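> for reference, the sequence and a predicted model appear below.
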Amino acid sequence: MTDPKQLDRDYDHHGDRSGARGTTRGGFPRFVPAKVGPEYGQLLEALRTVQDLAVSTSLPAEVAEAAAGKARELIELLTPHVVAEGRQTAGRVPRLPGRGSLLLMPWIIEKIDADGVRSRGMFRRFHLGGNSAAHGGTLPLLFDDLFGLIQHAYGRPISRTAYLHIDYRKVTPLNTELIVEGAVDRVEGRKTFINARLTDLDGNLLADCEALMVQLLPGQQ
Ligand SMILES: CCCCCCCCCCCCCCCC(=O)SCCNC(=O)CCNC(=O)[C@H](O)C(C)(C)COP(=O)(O)OP(=O)(O)OC[C@H]1O[C@@H](n2cnc3c(N)ncnc32)[C@H](O)[C@@H]1OP(=O)(O)O
């Protein structure tokens, strides 16, 4: 992983974080890959299935009550292990779906270098909008995280998404393997313009997206 200070001499002067271990005084924590065993991936897959079930069931009261009890047990188990931003495992395991984060789409990075990033995966029941299609709001999440990876792999410093323009070309299906791929289009000073496309495995275009990411100034969060 590139040292962010090599990309941005002012890395430590963005914003004013606590400086706690694993974070910086910059606007973003440093992304240091986390080392985890297979049990972490298994936990995430189980939790994703719980998410799918939470949005796709109609529970009798006694089942909802029993499930709430089990959920509280899980909360008790996990709560003592909360850590500061930058030290959590989620988002720092590039080989796992969604980099090991439940927030992110559970997609796998297939290619990541200065020429662009490609990921493969599925939208699942948890992402349902209506009529068997992915919720329109899930696509910006997929694209935005891809753009973060693209500009990091391109060697650009800390930036924030200024705008993200999506054209929805075709309905995005659930439970169907898809590809999202994008690259830097051009850099103008602090501005990085990035394009990406979401397609099915036959190459049919489902959505395309153009975004502007703006490099943060010293002192900016
Ligand atoms: C170990 C495991 C691997 C990990 C490996 C690491 C990977 C890591 C992945 C992380 C992935 C997360 C990546 C998410 C990134 C977000 O999603 S960030 C969250 C969403 N975005 C935000 O919250 C941004 C909120 N907005 C802002 O903070 C500010 O508006 C901005 C965007 C920083 C710009 O403000 P500013 O610094 O005051 O800049 P400003 O002078 O207004 O504009 C600079 C230039 O940009 C232009 N501009 C600014 N906004 C716009 C706009 N909306 N439209 C057009 N032009 C604009 C201006 O016109 C100006 O152009 P020039 O005059 O220079 O030609």
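Sure, I can see it. Residues are numbered from 1 along each chain as shown.
> all helices for this structure, in order.
4-7, 38-54, 61-78, 138-154 (DSSP state H).
> what does the protein have sitting close to the ligand?
1, 31, 33, 92, 94, 99, 144-145, 148-149, 152, 160-163, 189-191, 212, 214, 217, 220 (CB under 6 Å from any ligand atom). Every C-beta, even on glycine, is put in place using the N, C-alpha and C of the backbone.
> buried ones in stretch 122-132, by neighbour count?
Met122, Phe123, Arg124, Phe126, His127, Leu128, Gly129 (16 or more other CB atoms under 10 Å).
> nearest to the ligand: which residue in the protein?
The chain approaches the ligand most closely through Gly148 (2.2 Å), counting by CB to the nearest ligand atom.
> so Ile109 bridges to which residues?
Beta bridges link Ile109 to Ser119, judged by DSSP bridges.
> check contacts around it.
Pro94, Arg95, Arg99, Val117, Arg118, Ser119, Leu149 (CB atoms under 8 Å, 6 or more residues apart in numbering).
> any idea how far the residue of the chain positioned farthest from its centre is from Leu53?
Relative to the centre of the chain, and counting by CA atoms, centre = their mean, the farthest-placed residue is Glu62 at 35.2 Å. If you measure Glu62 against Leu53 using CB to CB, to the nearest Å, the figure is 16 Å.
> try Asn195
36 Å.
> ok, now Gln215?
For Gln215 relative to Leu53 (CB to CB), the value is 42 Å.
> center of the protein, which residue is that?
Leu104 (3.7 Å).
> pLDDT wise, what is it at?
With respect to pLDDT, Leu104 has a value of 97.
> right, and it touches Thr138 too?
No: in this structure Leu104 lies outside contact range of Thr138 using CB atoms under 8 Å: 10.4 Å.
> hmm, back to that, which pair in the buried residues of stretch 122-132 spans the largest distance?
Of all pairs drawn from the buried residues of stretch 122-132, the one with the longest distance (CB to CB) is Met122 and Gly129, at 14.6 Å.
> OK, contacts around Arg169?
Leu205, Leu206, Ala207, Asp208.
> go on, Leu128?
Shown in contact with Leu128 (CB under 8 Å, 6+ apart): Val55, Ser56, Ala134, His135, Leu174.
> who wins for neighbours among these?
Ala134 (26 neighbours; other CB atoms under 10 Å).
> was I right about that one contacting Arg125?
No: when contacts are counted by CB under 8 Å, Ala134 is not listed as touching Arg125 (10.4 Å).
> quick check: neighbours shared by those two?
Common contact partners of Ala134 and Arg125 (CB under 8 Å, 6+ apart): Leu174.
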